[in-house]
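# Got a predicted model here, sequence first, then my questions.
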Amino acid sequence: MRLSRYFLPILRDTPKEAEIVSHRLMLRAGMIRQESSGIYSWLPLGYRVLQRIEQIIREEQDRSGAIELKMPTIQSADLWRQSGRYDDYGKEMLRITDRHEREMLYGPTNEEMITDIFKSGVQSYKDLPRNLYHIQWKFRDEVRPRFGVMRSREFLMKDAYSFDIDEAGARHSYNKMFAAYLRTFKRMGLQAIPMRADTGPIGGDLSHEFIILASTGESEVFCHKNFLEFPAPPENIDFDDRVALQTIFDQWTSLYAATSEMHDAGAFGKVAEADRVSARGIEVGHIFYFGTKYSEPMGCRVTGPDGNMIPLEMGSYGIGPSRVAAAIIEASHDDNGIIWPDSVAPFDVALLNLKAGDAATDAACDKAYQALTKAGKTVLYDDTNERPGGKFATADLIGLPWQLVVGPKGLAEGKIELKRRATGEKQSLSLDEALGKLGA
RNA sequence: CGGAGUGUGGCUCAGCCUGGUAGAGCACCUCGUUCGGGACGAGGGGGUCGUAGGUUCAAAUCCUAUCACUCCGACCA
């Protein structure tokens, strides 16, 4: 993409409402724009990041055996009356009336709808287990939205729902998501720590929040420091291997880790002092096992082996990709701007033309652009005639993994600069060498 | 929802107290000089001062209402 043809509204000043670094940087880098309190547009650069995050989530959900579908944002109040949550959910739910005076709502979550869908499509225990997920916009009318997309009212959520015949099966389904989440966050460059969590309005008795440590996190968390080094499950893990998944679950829950709501100071005190981590954290995922809380009242049952009707054991599993985008920035930035992990960066390479209009420089940049594109790299080519200093600052702000700097001076010496954003390391190379380093 | 505060060109803000018909920096446009880590000069465009009402010869400024947004507390991906 040529910058001269792109839509990238960079801000030089920091908008005053932005309190935390991810919000500031997302606004300054032209990723998002506030439309209303807690409601944001994702501008082209931000949307690319969001899509990459979504794709990693999708790949790991699929790997674990979950099946993607798409449910609507608008739901009928009747569905929620069946579970009894229409009245329970309170003002956080955005209620809407259509032209026929029918009561509708903008979905804050989808347990009711998926249960309704599932029961209409499955009659036998032989059709189990299943896990269905979608990635869809949600709306929760937060009393106080803040921190940009970190706590917004409209937000994107991947929500998965598992259906099993019995508790043992449901626990395996839970463990699948547990392992998939560890892999998902690791791929995004985040070390997420599962912590025992309160189940809140979703209900149930087994629940973990996946927390990443960040000084601007909203919750206070306590954990064993070894969690910071734990490896995620490997790519080839067998999700049908109950023992292997239980082992992963046991490992990751063997040490102390809790949010402030679940914190047990006494238990934490037994952890060696040097191993204790008290920090602030950002919740990037939350998984629940809640048994028959929805299947029972909504009549989601199948015929079991003995011919009797059995209500399904369910769980739900959420990740907020829009929040994750902000969380990644909280975890990965410096004074100059964002430092994108390779896996979620909006483009792979920033190509900086230091003298647009100069024939030799333009030619070298064109060559690099084409070679990189052909090699499957995404390139944001700054072909504008801005002052070079501004290009460097902009490149650091938007934080692409690599910066390839091409100017007449370097070309004359046969050397151009390749900079790694994360380390600041710069190499002087010939154009071909630089392209080789980038895999082109 | 309780408490506090803010609305003035795209962004950051001054002006308001003490009414006299709107400013600065950045950004943007033109020309020129520049060009390797947020350039310089000259010229230029852009604002119903959140909205509605009121007071007044006169309102960004005073009064009333209203809307929006932000921050501090209880909820959540």
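Looks like it came in fine.
# what does the stretch 1-150 of chain A put close to RNA strand B?
For the stretch 1-150 of chain A, the residues in contact with RNA strand B (C-beta under 7 Å from any atom of the strand) are A:10-17, A:19, A:34, A:36-38, A:92, A:140, A:142-147, A:149-150. Quick note: C-beta positions are derived from backbone N, CA and C, even for glycine.
# Run through who's touching the lowest-mean-pLDDT helix or strand in chain A.
For chain A, counting by mean pLDDT, DSSP states H and E, helix A:85-88 ranks last in confidence among helices and strands (a mean of 87). With C-beta atoms under 8 Å, 6 or more residues apart in numbering as the test, helix A:85-88 has contacts from A:77, A:80, A:105, A:112, A:201.
# which ones are touching the first one?
Taking C-beta under 8 Å, 6+ apart as the definition of contact, the neighbours of residue A:77 are A:86, A:95, A:102-105.
# Just give the number of residues close to the residue lying closest to residue A:337 once chain neighbours are set aside.
Nearest residue to residue A:337, sequence neighbours excluded (C-beta to C-beta, 6 or more residues apart in numbering): residue A:397, at 3.6 Å. Residue A:397: 18 surrounding residues under other C-beta atoms under 10 Å.
# Please apply the same query to residue A:59.
So residue A:59, with other C-beta under 10 Å, has 14 neighbours.
# Buried ones in the helix or strand that contains it, by neighbour count?
For residue A:59, the host element (DSSP states H and E) is helix A:44-63. The neighbour-count check on helix A:44-63 (16 or more other C-beta atoms under 10 Å) flags A:45-46, A:48-50, A:52-54, A:56-58, A:60-61, A:63 as buried.
# What is the subsequent helix or strand relative to it?
Using DSSP H and E, the helix or strand that follows helix A:44-63 in sequence is strand A:67-68.
# quick one: strands adjacent to that next one?
Here strand A:67-68 has these sheet partners by DSSP bridges: strand A:130-139 (parallel).
# Can you give me the buried ones in the strand it pairs with?
In strand A:130-139, counting by 16+ other C-beta under 10 Å, buried: A:130-136, A:138-139.
# possible to save the residues you listed as a markdown table with pLDDT and distance to residue A:344?
Below are the buried residues of strand A:130-139 laid out as a markdown table (pLDDT from 0 to 100; distance: C-beta to C-beta, whole Å):
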| residue | pLDDT | distance to residue A:344 |
| --- | --- | --- |
| A:130 | 98 | 29 |
| A:131 | 98 | 24 |
| A:132 | 98 | 25 |
| A:133 | 98 | 20 |
| A:134 | 97 | 20 |
| A:135 | 97 | 15 |
| A:136 | 97 | 20 |
| A:138 | 95 | 21 |
| A:139 | 94 | 25 |
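# Name the nearest of these relative to residue A:239.
Checking those against residue A:239 with C-beta to C-beta, the nearest one is residue A:131 at 10.1 Å.
# residue contacts, that closest one?
Contacts for residue A:131 (C-beta under 8 Å, 6+ apart) come out as A:64-67, A:160-163, A:173, A:176-177.
# With respect to RNA strand B, which of those is nearest?
Comparing these against RNA strand B with C-beta to the nearest atom of the strand places residue A:160 closest, at 11.4 Å.
# centre of the chain versus stretch A:405-420, how much separation?
Its chain's average C-alpha position is 36 Å from that of stretch A:405-420, according to C-alpha atoms, centre = their mean, to the nearest Å.
# And stretch A:2-21, by the same measure?
Chain-centre distance of stretch A:2-21: 21 Å, with C-alpha atoms, centre = their mean.
# Can you name the residues in contact with that stretch?
Contacts for stretch A:2-21 (C-beta under 8 Å, 6+ apart): A:23-24, A:27-30, A:33-34, A:43-45, A:146-148, A:150, A:216, A:329-330, A:333, A:380-384, A:394, A:397-398.
# Now restrict the residues you listed to buried residues only.
Burial by neighbour count, 16+ other C-beta under 10 Å: within those this picks out A:23-24, A:27-30, A:34, A:43, A:45, A:147-148, A:150, A:216, A:329-330, A:333, A:380-384, A:394, A:397-398.
# just checking, which of those belong to strands?
Within those, residues falling in strands by DSSP state E are A:34, A:333, A:380-382.
# contacting residues for the closest residue to residue A:77 other than its chain neighbours?
Once flanking residues are discounted, residue A:77 sits nearest to residue A:103: 3.7 Å by C-beta to C-beta, 6+ apart. By C-beta under 8 Å, 6+ apart, the contact list for residue A:103 reads A:76-78, A:95-97.
# out of those, which is most surrounded?
Greatest neighbour count in these, by other C-beta under 10 Å, goes to residue A:76: 17 neighbours.
# So that one is in contact with residue A:102, correct?
Yes: counting by C-beta atoms under 8 Å, residue A:76 touches residue A:102, with 7.2 Å between them.
# does the closest residue to residue A:134 other than its chain neighbours count as helix, strand or coil?
Residue nearest to residue A:134 in three dimensions, not counting chain neighbours: residue A:70, with 4.9 Å by C-beta to C-beta, 6+ apart. Recorded secondary structure, residue A:70: coil (DSSP: H, G, I helix; E, B strand; the rest coil).
# State the number of residues packed around residue A:70.
Residue A:70 has 9 nearby residues by other C-beta under 10 Å.
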